[in-house]
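Q: sharing a model that was predicted from the sequence below.
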Amino acid sequence: MSSVDVMQETGAKTPAPRQRRLTVARALNEAIHQEMATDSSVVVLGEDVAKIGGVWSTTVGLLDAFGPARVRDTPISESGFIGAAVGMAAVGLRPVVELMFVDFVGVCMNSIYSLAAKQRFFSGGQVTCPMVLMTSVGGGYSDGGQHSQTLYATFGHLPGLKVVVPSNAYDAKGLLASAIRDDDPVVFMFHKGVQGLGWLGTVPRAATHVPEEAYLVPLGKAAVTREGSDVTLVGLGLTVHHAIDAADQLQKEGISCEIIDLRSIAPLDRETIRASVRKTGRLVAVDDDYMSYGIGGEVIASVCEDASITLKATPRRLSFPDIPIPFSPVLEQGVLPNSEKLVALARQAVLEK
Amino acid sequence: MQPGQAPHGNLHHRLWMYEAMVKSRELESRIKTIYFEGKTPVFNMAKGPIPGEMHLSMGQEPCAVGVCAHLRPTDFVTATHRPHHVAVAKGVDLRKMAAEIFGKKTGLSRGLGGHMHLFDAAVNFSCSGIIGEGIAPAVGAAMAARIQGRDDVAVSFMGEGATNQGQFHEALNLAALWKAPVVFIIEDNAYGISVCKAESTSVASNADRAAAYGIPGVFVPGNDPDAIHAAAGEAIARARAGDGPTLIELETHRLEGHFVGDTVEYRPVEERERLAELDPIQLFRSRLIGDGHEASELDALDAEAVRLADDAISFARNSEYPALEEAFAHVFG
């Protein structure tokens, strides 16, 4: 097993001194730069992606490096430019398209749900859709209910889309490179809470060592972020950091947590989840999408469906309640998942008779 | 103000427009200052008494007042993510609006909506944070008025960027097909975040797009409250009379960034420097004085606007945050 493979298995390492540290935003940007440099079929489209390098700094410098034919600012016409990307992908390009906020998906759902996701199937494999739809997700900064959702399950639910959610910069770069090289449509959902932008709060831990050279992190493979024996905490994106904070707290109480970072929700790496719960016997899933029909339910079902797993406690889930996201900071912070709530649930699971 | 009356009552409509512009400006100036509280020295959008994105309408006030001067409380208005000037001109409760922007329980929506989601059912005002999403609801509200036998109209405000959304075209066709009593107002501030209109739109004038739907298209240059008032008056009278929709494109200026904190480096320096000279409130004030109004008369309107803005901000600051249960109380009835 090469060193890269080790990284793939275990997720991001704590960087040694003098290692290069990048934010998620810079890691994503570097991945696109490198893929565009090695593959002339990669093109970038989206609102504000060219001249200012993207609202989330994902496309900084691409216009200067690769020119306006390959890096295009679009009108506010998501249905049009995402549909156009499907057409580009059908005939040999690899478009990387940015949907500024995932919340805007309502205006372009058809291009994603009915076109991108179904090209390969409807054509019996003749036509593929090698496109990446990058989009920002998540709240916690009082941007109101049309700019703060994650909508993970909305995408994970639909057959035909691969869905990726990185929690740190190392994974972000490798997953995006894999997504661009993949022959199927990948929805790449980067969480604003880990993006590392100066003007938005971020989890410092999400900025990690990122090798300069291109590398791949496989799609559809979860990472065991931390090994433990008493309870398995399963998260994705920002909530992996809630799990790490909760595990640190619980360790002081003598509770050993194993942390799974899903990294992809479609395909979902059910086997890594099952292997962990087979060991710990306890499961708490945490995500910041709406609860019902969501990630937590799917993770729990994956475990409950496996007769070889003996649970020592009822599986639990922590997610956003089934309400639109309120603006007022006291309300939003009050209902968002956090490490304290996760600690309480994990403790309950361990104490359950 | 009673249903059926224009909002300016006994005040001359030009003075009403002036005061409403100043009121919006004074409120937004305070919001801008307070927005930076808790966000310095490190700017973090999540912090301070007004967290989240903040889109100010400074410079675009003529669009709001020129149109809303013709509207009654029973007329229906949808605005955008940049809604304050329209809300003020439509007569939205200033105190409750400020409190909503602060996320307080005394806000229009008890703090659930925030500055991009201001709803005041008492004056039929709402706005939405997603581009182009208010256009079709305005057509629907206009049709409802007709079906219910009212002579009310609906007005949809949008930025020039919204005209490239599918919903713009679908809604205009519907409105034309159904002869809906609706007026579409494009506030053309030339930029959709960083992308200028020439780089996003295939035609130089969005008013030309009206022809595709067989409705009148009007372009009003100059960010001029009087000219906007005249054009909007004609279109709204036409809609009220049952003669169908009109598309009006207004040249306007965004004096601030897309949001507060936007460094606006994408705009040419000369263009940014020119903005101060284009302040429509100063220009309109000069014109009013040139037309014979006393400066003292305008000063009195300024003072009233300042008083109302101060009062609204103070109300918002002194209000309490909502209780957590409030977040769960309004999903269903």
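A: Thanks, I have it. These numbers were taken from a predicted model, which means no experiment stands behind them.
Q: contacts and neighbour counts: CA atoms only from here.
A: OK.
Q: how about the helices in the chain?
A: In the absence of a named chain, chain A is used. If you assign secondary structure with DSSP state H, the helices in chain A sit at A:3-10, A:24-38, A:62-66, A:78-90, A:109, A:119-122, A:152-156, A:169-181, A:238-252, A:270-280, A:295-304, A:329-335, A:339-351.
Q: not quite, I wanted chain B
A: Defined through DSSP H, the helices belonging to chain B, from first to last, are B:13-35, B:61-68, B:84-90, B:94-101, B:135-147, B:166-178, B:225-240, B:269-274, B:280-290, B:295-318.
Q: related to what we said a few turns ago, name the stretch among the helices of chain A that sits most buried.
A: helix A:169-181 (a mean of 26; mean count of other Cα atoms under 10 Å in any protein chain shown).
Q: quick one: mean pLDDT over it.
A: Per-residue pLDDT over helix A:169-181 has a mean of 98.
Q: do stretch B:153-164 as well
A: For stretch B:153-164, the per-residue pLDDT values average out at 98.
Q: run through who's touching it.
A: Contact partners of stretch B:153-164, identified using Cα atoms under 8 Å, 6 or more residues apart in numbering or on different chains, comprise A:75-77, B:75-80, B:131-132, B:134-135, B:138-139, B:141-142, B:145, B:168-169, B:181-192, B:197, B:200-201, B:206, B:236, B:239-240.
Q: cross those residues against strands and list the overlap.
A: Taking DSSP state E, the ones among those that sit in strands are B:76-79, B:182-188, B:191-192.
Q: of the helices of chain B, which shows the lowest average pLDDT?
A: helix B:269-274 - the lowest mean pLDDT of the helices of chain B, at a mean of 93.
Q: only C-alpha atoms, please: export it in CSV.
A: Below are the C-alpha coordinates for helix B:269-274, written out as CSV (Å, rounded to 0.1, in the frame of the first residue of the first chain):
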residue,chain,number,x,y,z
VAL,B,269,-12.2,52.8,-10.8
GLU,B,270,-13.6,55.7,-12.9
GLU,B,271,-17.0,54.1,-12.6
ARG,B,272,-16.8,53.8,-8.9
GLU,B,273,-15.5,57.4,-8.5
ARG,B,274,-18.5,58.7,-10.5
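Q: residues of chain A that sit close to chain B?
A: By the rule Cα under 8 Å from any Cα of the partner chain, the part of chain A lying against chain B is A:47-48, A:51-52, A:73-79, A:104, A:140-147, A:198-201, A:323-331, A:334-335.
Q: so among the residues you listed, which ones count as buried?
A: In these, burial by neighbour count holds for A:47-48, A:51-52, A:73-79, A:104, A:140-147, A:200-201, A:323-331, A:335, counting by 16 or more other Cα atoms under 10 Å in any protein chain shown.
Q: so residue B:97 touches residue B:110, yeah?
A: No - under the contact definition of Cα atoms under 8 Å, residue B:97 does not touch residue B:110, with a separation of 10.1 Å.
Q: give me the distance between residue A:71 and chain B.
A: Taking Cα to the nearest Cα, to the nearest Å as the measure, residue A:71 falls 13 Å from chain B.
Q: which phi and psi does the residue lying closest to residue B:28 once chain neighbours are set aside have?
A: With Cα to Cα, 6 or more residues apart in numbering or on different chains as the measure, residue B:56 is the residue that lies nearest to residue B:28, at 6.7 Å, once sequence neighbours are left out. According to degrees, to the nearest 10, the main-chain angles of residue B:56 amount to phi -90, psi 150.
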